[in-house]
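Asks: Could you work out the structure for the sequence below:
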Amino acid sequence: STTKTVTGIRIDRSGPTTTATVASPNGNGWYGDAVQVTLTGADNLSGVAATYYAVDGGAAQSYNGAFSFGTEGTHTIDYWSKDGAGNVETAGAPLTLKIDKAAPVTTLINPISPDSGWFVTSGIPFAFDAVDGLSGIAATYYTVDDGAAQTYGLPFVADLSNGAHAATYWSVDLAGNAEAKRSFTVKVDALPPAITAARTPAANSLGWNNTDVKVSFTCTDADSGIDGIAGCGPDQTVSSEGADQHVQGDTQDVAGNKSSTTVNDINIDKTAPSLTGAPTGDSNGGEWDRGAVSIAWAGDDGLSGINPASQPANSTITGEGRNLGASASILDKAGNKGTGSVSGINIDKTAPSVTGVLPAGRSAAGWYRDDVVVGFTCSDPALADGSAGSGIANCPADAFVSGDGADQSVTSAAATDVAGNASAGKLVTGINID
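Replies: Predicted coordinates:
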């Protein structure tokens, strides 16, 4: 017999191999967007008839070319091929894709502004809470006043100066998704407001006023400003008399810082002092003086006291007359003027006059034959102001001349007026007795 050769016999007992090609994930093993998946089958004999894949253990799907896979989360893709001989590849390790396309969300925990909107301390607590539902938080960042970005760790305290500060914060997840930046404002006012006081009118050089004193306040605050409800002061008018009075003014800024100031030593005396005069002179011990009268002045003030510089000198009444007087004025330390006067001063400086009266019975030749009784009359002259003098207090008694002789004389005793002025004795001459 002859041998028959049969050709065209093709045998392939080995399954094909398939490789998957994807871009590399980031350093954390995550993708932030859809992933392009390329599957490549190879078979050295019968060739690749078809390539398949299955997502997360699901139904097989025919691979018809590179495809985009963008389902978020962690997913596995099994893949395999079938060759022309019908050999089916046993799927190897699946392709694992971790996809997170959503940015994280960061919540501000601190600072929570007080009701006033202002903090009164420079140490402000900062705290953030970041959440990401898939890949997780890689880091949270913040900036203050456009400064360099800083990585947030644990809660911390920012030492901020007075004024308004802009803070920005955001987070980045492990897939590289960056959150849109958020911002908030921190306003710090750690300084109390300034309050100054002014009093009108100012006290005099002795520290006193004799009118109402108005105390006004001025308040300023460079940061949060003055609280309109708390106000400034308030302005006050002190009208009551008294020493060592005071007025306190208070203020508060919007942040709650408080300040106060006190105006002390408000001394008010509106009452004039009193002034009394005491006369001293050559008095008869009654209501008449026979010389100049000196008035010594004494002031009294029950509150501010007498201003020593205003003490009046003694007044001197030098004239002559009835109901004479003097007046003067004095100041207290507040500047109030008091006046005083003394009246009813009677001054008689002139001595009375004495007139001798010879009796009748003298002869034509001018001789008496018996003892002679010389009588005396007295008068008090008018005063310089035209009023009557003080009047005669004592007029000399009659004088007796009894011996014979020619041209004898007699002198009376002195006459005195009520003021105490005494006249000289009156000499009566030409008495002839035989």
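Asks: residues in contact with G286?
Replies: Taking C-beta atoms under 8 Å, 6 or more residues apart in numbering as the criterion, G286 is in contact with V418. In short, each C-beta sits where N, CA and C put it, glycine included.
Asks: which secondary element of this structure has the worst mean pLDDT?
Replies: strand 156-159 (a mean of 78; mean pLDDT, DSSP states H and E).
Asks: Quick check: the gap between I195 and S363.
Replies: 113 Å (C-beta to C-beta, to the nearest Å).
Asks: returning to that earlier point: and the helix or strand just after the least confident helix or strand of the chain, what does it pack against?
Replies: Using DSSP states H and E, the next helix or strand after strand 156-159 towards the C-terminus is strand 163-173. Secondary-structure packing of strand 163-173 (3 or more C-beta pairs under 8 Å, 6 or more residues apart in numbering; DSSP states H and E): strand 105-110, strand 123-131, strand 137-144, strand 182-188.
Asks: Can you check which of these gets nearest to C219?
Replies: Set against C219 and scored by C-beta to C-beta, these come closest in strand 182-188, at 19.2 Å.
Asks: May I see the buried residues of the closest one?
Replies: The neighbour-count check on strand 182-188 (16 or more other C-beta atoms under 10 Å) flags 182, 186-188 as buried.
Asks: quick one: the strands in the stretch 151-300 of the chain?
Replies: With DSSP state E, counting those that start in this stretch as the criterion, the stretch 151-300 of the chain has strands at 156-159, 163-173, 182-188, 194-200, 213-220, 232-233, 236-238, 242-252, 258-268, 274-280, 288-289, 293-300.
Asks: Please identify the most buried of these.
Replies: strand 288-289 (a mean of 24; mean count of other C-beta atoms under 10 Å).
Asks: residues in contact with that strand?
Replies: With C-beta under 8 Å, 6+ apart, strand 288-289 has contacts from 279, 281-283, 345-348, 390, 418-420.
Asks: Over to stretch 90-105?
Replies: 15, 20, 22, 25, 29-35, 37, 69-80, 130-135, 137, 171-175, 177-180.
Asks: how far out from the middle of the chain is that stretch?
Replies: Centre-to-centre, stretch 90-105 and its host chain are 69 Å apart (C-alpha atoms, centre = their mean, to the nearest Å).
Asks: gap between T168 and N314?
Replies: Taking C-beta to C-beta, one finds T168 at 88 Å from N314.
Asks: With G8 instead?
Replies: For G8 relative to N314 (C-beta to C-beta), the value is 164 Å.
Asks: who's more crowded, these two?
Replies: In terms of neighbours (other C-beta atoms under 10 Å), N314 is the more surrounded of G8 and N314; the figures are 14 against 4.
Asks: In contact with that one, which residues?
Replies: By C-beta under 8 Å, 6+ apart, the neighbours of N314 are 294-297.
Asks: and it, how far is that from P114?
Replies: In terms of C-beta to C-beta, N314 sits 74 Å off from P114.
Asks: Give me the nearest residue to S81, chain neighbours excluded.
Replies: What sits nearest to S81 in space, not counting adjacent residues and going by C-beta to C-beta, 6 or more residues apart in numbering, is G41, at 3.4 Å.
Asks: Need the pLDDT of G389.
Replies: In this prediction, G389 carries a pLDDT score of 94.
Asks: Is it correct that it is in contact with T416?
Replies: No: the criterion here is C-beta atoms under 8 Å, and G389 misses it with T416 at 11.7 Å.
Asks: Could you tell me which residues touch both of those two?
Replies: Joint contacts of G389 and T416 (C-beta under 8 Å, 6+ apart) are P352.
Asks: list the helices and strands the host helix or strand of Y52 packs on?
Replies: According to DSSP H and E, Y52 maps onto strand 48-55. Counting contacts by 3+ C-beta pairs under 8 Å, 6+ apart, strand 48-55 is packed against strand 35-42, strand 61-62, strand 73-83.
Asks: what pairs with the residue nearest the centre of the chain across the strands?
Replies: The chain has I195 as the residue nearest its centroid, 2.8 Å off, counting by C-alpha atoms, centre = their mean. With DSSP bridges applied, I195 shows beta-bridge pairing to C219.
Asks: I figured S353 hits A424, correct?
Replies: No: distance between S353 and A424: 9.8 Å, which falls outside the contact criterion (C-beta under 8 Å).
Asks: Compare these two (neighbour count), which wins?
Replies: Applying other C-beta under 10 Å to S353 and A424 shows that S353 carries more neighbours, namely 15 against 12.
Asks: Who are the contact partners of that one?
Replies: Contacts of S353 by C-beta under 8 Å, 6+ apart are 378-381, 415, 423.
Asks: what about it, distance to V418?
Replies: S353 is 15 Å from V418, by C-beta to C-beta.
Asks: Check the contact between H75 and F69; I expect there is one.
Replies: Yes: with contact defined as C-beta under 8 Å, H75 and F69 form a contacting pair (7.4 Å).
Asks: Overlap of the contact sets of these two?
Replies: In contact with both H75 and F69: 55, 97, 99, using C-beta under 8 Å, 6+ apart.
Asks: Those into CSV, with extra columns for distance to D159, pLDDT and neighbour count?
Replies: Compiled in CSV, the shared contacts of H75 and F69 are given as follows (distance: C-beta to C-beta, whole Å; pLDDT from 0 to 100; neighbours: other C-beta atoms under 10 Å):
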residue, distance to D159, pLDDT, neighbour count
V55, 54, 98, 17
L97, 46, 98, 22
I99, 42, 98, 21
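Asks: now, which of those residues sits nearest G305?
Replies: I99 (96.2 Å).
Asks: for that closest one, which residues make a bridge with it?
Replies: With DSSP bridges as the criterion, I99 is bridged to Y31, G73.
Asks: Relative to E72, how far out is it?
Replies: 5 Å.
Asks: shared neighbours of the two, anything?
Replies: L134.
Asks: How about Y141: what's its closest non-neighbour residue?
Replies: A149 (4.8 Å).
Asks: From G225, how far out is that neighbour?
Replies: In terms of C-beta to C-beta, A149 sits 32 Å off from G225.
Asks: again with G249
Replies: 17 Å.
Asks: Now for the closest residue to I266 other than its chain neighbours: which residues touch it?
Replies: Of all residues not flanking I266 in the chain, Q245 sits nearest, at 4.1 Å (C-beta to C-beta, 6+ apart). Shown in contact with Q245 (C-beta under 8 Å, 6+ apart): 238, 266-268.
Asks: Repeat the analysis, applying 10 Å as the threshold.
Replies: 213, 238, 263-268 (C-beta atoms under 10 Å, 6 or more residues apart in numbering).
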